[in-house]
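>>> only geometry, no sequence info:
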DNA sequence: CATAAGTTGAGGAACTACCTCAGGTTGCTT
DNA sequence: AAGCAACCTGAGGTAGTTCCTCAACTTATG
């Protein structure tokens, strides 16, 4: 086992600055933002970034861990809402709000992320909760029954795309998009769907933007 | 006025090959595909491409003109369908089918195109027809009344995104997405929308993917 | 103050795509 | 069939991006 020697104080400080900067840059530009920009934002040389984080993944983990946690907590709340349909709507809306505010977090939802332990765990947990939220709303008879988890993933994905497109011009435009989708997701609006849902495998094979 | 001397035969042949190749490559990769790939597909040197087409726009015009025309014809048919709602659904469905088959054409719908005369004209015509199709369906009481043209543009955009994502893994997945959207667009499914629609200006300022 | 830990940032490597132009080839005219 | 202009070719220059390294310098710490 590797005995980790404590970091020097300036190194600790720089690490913290880098994490902050990464959070901010990822928020603005998504998880594939140039690392050099993060170093600049942190007021630190690029070499220092590579000293502290040997890969983008480590930095993503450090920066997005807390945020991903918030997304999970949100899902947990929604999964235990008294009214299953309201829980579903709540989840969709607040997830989207988080995504609208943070491109990096949107990348997590879209799974367009370099796999990292922390993010992976959050995604797994999210997947479970999403399935529960969906099933509950269906069993309550409010959410249409022919929708499956992968559909939800795809729709979320689509909303993330309109967000990316309209973020500058009209930061709230996605709310209309989501509202129309939600209306289409109600059981009483349902007309038969033309093709079967994606399998999990197909969804994983879907290429991020 | 410039007297255009006729092209030499080999030049004519190469030009035609380039247009064919461009159609194919744009179809697969979208309108920002590398020009070198088009030249390769045409079995012609890159210099020749630049001899025949001084800009990407000219090539786009030559390659997509006919296809854009088809999209317009489709809209014209839909705009004069006996049943306005069926016309609307038809338009959405067939437009999406064209987009699913041709990434380049999807770029036209998304307006993520270097402005060219031919494409511009097609887009203008399409915009008019779309507005008519929408209005008719609304006046028939089938399409929800709180939807406006820019909404439609955004939704089409979103579907194009899911297409891009799932094209390989599940080429028909977008049909489910569209179906849910259409259900949400019916007048009898409508719940009030939370924010105003995009203005035309905002839509134009929206950034392509 | 000695030393190891840490920082720095210019610079090399690897892509990608664009566009040019000198030199070779070929169609077309007479 | 000769000669010329039109055409084709593709290596190579330009430009932008991002990644990552490392020798030289600085500084925290015991």
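Received the coordinates, thanks. The shown structure was predicted, so the numbers you read here are calculated from the model rather than taken from an experiment.

>>> what sits against residue A:191?
Contacts of residue A:191 were listed using CB atoms under 8 Å, 6 or more residues apart in numbering or on different chains, and they are B:179, B:182-183. Any C-beta I mention is one placed from the backbone N, CA and C, and that applies to glycine too.

>>> go on, residue A:206?
Neighbour list for residue A:206: A:154, A:198, B:165-166, B:168-170 [criterion: CB under 8 Å, 6+ apart].

>>> could you rerun that using 7 Å?
By CB atoms under 7 Å, 6 or more residues apart in numbering or on different chains, the residues touching residue A:206 are B:165-166, B:169.

>>> returning to that earlier point: ok, the contacts of residue A:191 vs DNA strand C, which is closest?
DNA strand C has its nearest neighbour among the contacts of residue A:191 in residue B:179, at 34.3 Å by CB to the nearest atom of the strand.

>>> closest one of the contacts of residue A:191 to residue B:128?
Closest to residue B:128 out of the contacts of residue A:191 is residue B:182 (22.1 Å), distances taken as CB to CB.

>>> whatever residue of chain A ends up closest to DNA strand C: neighbour count?
Proximity of chain A to DNA strand C (CB to the nearest atom of the strand) peaks at residue A:47, 1.9 Å away. For residue A:47, the tally of surrounding residues (other CB atoms under 10 Å in any protein chain shown) stands at 9.

>>> let me know the helix or strand that residue A:19 is in.
Assigned by DSSP states H and E, residue A:19 falls within helix A:9-29.

>>> and the helices in chain A?
Taking DSSP state H to define them, one finds helices in chain A at A:9-29, A:35-42, A:46-52, A:56-79, A:84-101, A:103-109, A:117-139, A:149-166, A:173-185, A:200-205.

>>> for the last one, packing partners?
If contacts are counted by 3 or more CB pairs under 7 Å, 6 or more residues apart in numbering or on different chains; DSSP states H and E, helix A:200-205 sits against helix A:149-166.

>>> before we move on, what about the fourth one?
Here helix A:56-79 is seen to pack against helix A:9-29, helix A:84-101, helix A:103-109, helix A:117-139 when contacts are counted using 3+ CB pairs under 7 Å, 6+ apart.

>>> flag every buried residue along it.
Judged by neighbour count (16 or more other CB atoms under 10 Å in any protein chain shown), helix A:56-79 contains these buried residues: A:56-57, A:59-65, A:67-68, A:71-72, A:74-75, A:78-79.

>>> what's the angle between that helix and helix A:84-101?
Comparing the axes of helix A:56-79 and helix A:84-101 via axes from the mean of the first three to the mean of the last three CA atoms, to 10 degrees yields an angle of 150 degrees.

>>> quickly check: helix A:56-79 near DNA strand C or not.
No: using CB under 7 Å from any atom of the strand, helix A:56-79 never reaches DNA strand C; the gap is at least 13.9 Å.

>>> so which bits of chain A are right by chain B?
Taking CB under 7 Å from any CB of the partner chain as the measure of proximity, chain A contacts chain B at A:151, A:154-155, A:157-158, A:161-162, A:165-166, A:168-170, A:172-173, A:175-177, A:179-181, A:183-186, A:189-191, A:193-195, A:197-198, A:202, A:205-207, A:209.

>>> pull out the buried positions in the helix holding residue A:19.
Buried residues in helix A:9-29, counted by 16+ other CB under 10 Å: A:14-15, A:17-19, A:21-27.

>>> so which of these reach DNA strand C?
residue A:14.

>>> residue contacts, the residue nearest the centre of chain A?
The structure's chain A has its C-alpha centroid closest to residue A:109; by CA atoms, centre = their mean the separation is 3.0 Å. Going by CB under 7 Å, 6+ apart, residue A:109 touches A:95, A:99, A:156, A:160.

>>> and for residue A:74?
A:91, A:94-95.

>>> now residue A:70
By CB under 7 Å, 6+ apart, residue A:70 lies in contact with nothing.

>>> just residue A:40 next, same as before
Not one residue lies near residue A:40 by CB under 7 Å, 6+ apart.

>>> what do you get for residue A:50?
Listed by CB under 7 Å, 6+ apart, the contact set of residue A:50 is empty.

>>> show me what from chain A comes close to DNA strand C.
Counting by CB under 7 Å from any atom of the strand, the residues of chain A close to DNA strand C are A:5, A:7-8, A:10-11, A:14, A:44-48, A:50-52.
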